[in-house]
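only the shape, not the letters, is given here:
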């Protein structure tokens, strides 16, 4: 008989593809995780993983076990939901993946408010400038800037947000005002590293016809800080400008970009009421916070 705890560890290794990464999420040391996987393999009489320099990969037998382990996970979560009921506060751990603009300037205060109302809740925000693989459970849900093209995923539009060209007052004092698009040619541009733009929705400079960036980073926070320090002109989220009083919008009637946030979840998780309730609170909070911050700029 295979117990649920062994399957839980199997899922963590299958998703993380390493003992150490799985151990961090499970709060177990890697040696313990390895022993538990060995015990499960002995119980089942099958080799579940192959080890390589790249990590732990599922064998054919492990691949056949995976959907059954996921189903067991969903059944356990559903049982917990049924016992506690919808009136109880949210508990347990939820991991959200998000692009770093959202993760730095909007998610912290939204998540803090949700946790204030649910003291038993533990939330992790993974702020990375890339697309998350929900099938491998890199996160329980993800905020994205475009709809995914494939996968067994549920997608909900959260809200539109806006971006403007901006520079610091100090930069403009040194280099002169910008009153026409033609004035942009004499200014240093800040933006994404071109070959690290992971989503076409983030290719702002091409859309406005600006030059390639002289200062480039894959981090929105780095770009914003360069602009705040008077290093050049940048496309800045309106919701981030609320934290940067040094910045001034440039050509706001001519250059105004609109983008959208989407909440992406694995399709199977729609049956998990705890995650449904968290997602509902998250979407409502994101809409309020984006609106509040944009109204300040």
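Received the coordinates, thanks. None of the values given here were measured: they were computed from a predicted structure.

go through stretch 258-272 and flag the buried ones.
For stretch 258-272, the neighbour count (16 or more other CB atoms under 10 Å) marks 259, 261, 262, 263, 264, 265, 266, 268, 269, 272 as buried. Heads up, the C-betas are built off the backbone N, CA and C, glycines and all.

now swap in stretch 184-203 and tell me
Buried residues in stretch 184-203 (16+ other CB under 10 Å): 184, 187, 188, 189, 190, 191, 192, 197, 202.

surely the first one and residue 233 touch.
Yes. At 7.2 Å, residue 184 counts as touching residue 233 under the criterion of CB atoms under 8 Å.

low-confidence stretches in the stretch 101-250 of the chain?
Along the stretch 101-250 of the chain, segments meeting pLDDT under 70 span 129-138.

would you map the helices across it?
For the stretch 101-250 of the chain, the helices defined by DSSP state H, counting those that start in this stretch cover 107-117, 169-175, 204-208, 220-228, 238-241.

the ones you listed: which one's closest to residue 280?
Checking the helices of the stretch 101-250 of the chain against residue 280 by CB to CB gives helix 107-117 as the closest, at 10.2 Å.

hmm, back to that, comparing the helices of the stretch 101-250 of the chain, which comes out most buried?
Highest mean neighbour count of those: helix 238-241, a mean of 24 (counted as mean count of other CB atoms under 10 Å).

can you show me the strands along the stretch 1-150 of the chain?
All strands of the stretch 1-150 of the chain, identified by DSSP state E, counting those that start in this stretch, fall at 49-52, 55-58, 92-98, 121-127, 141-144.

and these, which is most packed in?
Note that of those, strand 141-144 is the most buried (mean count of other CB under 10 Å), with a mean of 24.

other residues contacting that strand?
Where contact means CB atoms under 8 Å, 6 or more residues apart in numbering, the residues beyond strand 141-144 that reach it are 94, 96-99, 102-103, 107, 131-132, 134, 158, 199, 261-265, 269, 275, 279, 282, 286.

partner strands of that strand and their direction?
strand 92-98 (parallel), strand 256-266 (antiparallel) (DSSP bridges).

which of those strands sits closest to residue 62?
With CB to CB as the yardstick, what comes closest out of those is strand 256-266 (19.2 Å).

on contacts alone, who are the packing partners of the very next helix or strand once past that closest one?
Per DSSP states H and E, the first helix or strand lying C-terminal to strand 256-266 is helix 273-295. Helix 273-295 sits against helix 60-84, strand 92-98, helix 107-117, strand 141-144, strand 153-168, helix 238-241, strand 256-266, with contacts defined as 3 or more CB pairs under 8 Å, 6 or more residues apart in numbering; DSSP states H and E.

buried set for helix 273-295?
Buried residues in helix 273-295, defined by neighbour count with 16+ other CB under 10 Å: 273-275, 277-279, 281-283, 285-286, 289-290, 293-294.

what's next to that helix, contact-wise?
By CB under 8 Å, 6+ apart, the residues outside helix 273-295 that reach it are 77-78, 80-81, 86, 90-92, 94, 96, 102, 105-107, 109-111, 113-114, 117, 121, 140-141, 143, 156, 158-159, 161-162, 238-240, 242, 261, 263, 265, 269-270.

what angle do that helix and helix 107-117 make?
What separates the directions of helix 273-295 and helix 107-117 is an angle of 130 degrees, with axes from the mean of the first three to the mean of the last three CA atoms, to 10 degrees.

now helix 273-295: average pLDDT?
The average of the pLDDT scores along helix 273-295 is 95.

stretch 252-260 now?
The average pLDDT within stretch 252-260 is 95.

over to that stretch now: how far is its first residue from its last?
19 Å (CA to CA, to the nearest Å).

list the contacts of it.
145-146, 157-165, 181, 201, 204, 207-208, 235.

mind doing that once more with 6 Å?
145, 157, 160, 161, 162, 163, 164, 165, 201, 208 (CB atoms under 6 Å, 6 or more residues apart in numbering).
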